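Asker: Quick one, structure for this:
(chains A and B)
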Amino acid sequence: DSGVTQTPKHLITATGQRVTLRCSPRSGDLSVYWYQQSLDQGLQFLIQYYNGEERAKGNILERFSAQQFPDLHSELNLSSLELGDSALYFCASSVGLRDREAFFGQGTRLTVV
Amino acid sequence: AQSVTQLDSQVPVFEEAPVELRCNYSSSVSVYLFWYVQYPNQGLQLLLKYLSGSTLVKGINGFEAEFNKSQTSFHLRKPSVHISDTAEYFCAVDTGNQFYFGTGTSLTVIP
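Answerer: A predicted model of the protein is given here:
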């Protein structure tokens, strides 16, 4: 158990809908990262938050957004969902901004039908 | 643009044999390098990392990797694999601004 909790574990939704994925980092970790893992794109970095502020942005679509709350949990919002958004979404956390020794959650498997 | 290339998508190897999983990256700046392992239906787990210092890095589960700056490589090795090493292995590069993963190498250990 990495200490990073992601909910829900599985999510099935229709195209055009909006979903929210939730991540609770390890106790004491200030950085939260979001990744998307799909068969055709592999594992892609989406976005990083550190202590409530956005610090790095990767290949995140404009339809997607994230935030980190004062209690350090984070949410990834995916809207106007398309079939191609079906993927495994991972959250990871680390203590610092740059130490990058990130601990991963078990992921949320999103299926868009 | 940064890229991380894992040259082998699948590597079958017999139990107790040595294995090398190859990783090359393209970067003109200093990078941090990582290897992660993903067991079926699980998240990624850090195997080892290179931040600075000795180019030979030892990680968990008997794995090690060597950073070669001139060849921009960070190959992962284990002298004797076990059945439990069957998993997907990802090489990753941190440029300081972004984190890039390779496409993964599926290691299958054959009894």
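Asker: Helix or strand: which one has the residue nearest to B:Thr86 when sequence neighbours are not counted?
Answerer: With sequence-adjacent residues excluded and distances taken as C-beta to C-beta, 6 or more residues apart in numbering or on different chains, B:Thr86 is closest to B:Val109, at 4.9 Å. In this view, the C-beta of every residue, glycine as well, is placed from N, C-alpha and C. Per DSSP states H and E, B:Val109 falls inside strand B:105-110.
Asker: so what's the residue nearest to B:Thr86 scoring on pLDDT?
Answerer: On pLDDT, B:Val109 comes in at 97.
Asker: wait, what's in contact with B:Phe101?
Answerer: A:35, A:42-45, B:4, B:36, B:90-92 (C-beta atoms under 8 Å, 6 or more residues apart in numbering or on different chains).
Asker: Swap in 10 Å and give it another go.
Answerer: A:35, A:37, A:42-45, B:4, B:6, B:34, B:36, B:44, B:90-93 (C-beta atoms under 10 Å, 6 or more residues apart in numbering or on different chains).
Asker: mind checking how far it is from B:Gly59?
Answerer: As for B:Phe101, its distance to B:Gly59 is 17 Å (criterion: C-beta to C-beta, to the nearest Å).
Asker: Check B:Ser9 too.
Answerer: 22 Å.
Asker: which one of these two has more residues nearby?
Answerer: Set B:Ser9 next to B:Gly59 and count neighbours by other C-beta atoms under 10 Å in any protein chain shown: B:Gly59 wins out with 17 against 10.
Asker: where does that one land on pLDDT?
Answerer: 94.
Asker: Can you tell me the element the closest residue to it other than its chain neighbours falls in?
Answerer: Nearest residue to B:Gly59 in three dimensions, chain neighbours excluded: B:Leu48, at 2.7 Å (C-beta to C-beta, 6+ apart). In this assignment (DSSP H and E), B:Leu48 forms part of strand B:44-50.
Asker: Can you name the element that comes right after that strand?
Answerer: strand B:56-58.
Asker: What helices and strands are in contact with that next one?
Answerer: On a contact count with 3 or more C-beta pairs under 10 Å, 6 or more residues apart in numbering or on different chains; DSSP states H and E, strand B:56-58 meets strand B:32-38, strand B:44-50, strand B:64-68, strand B:73-78.
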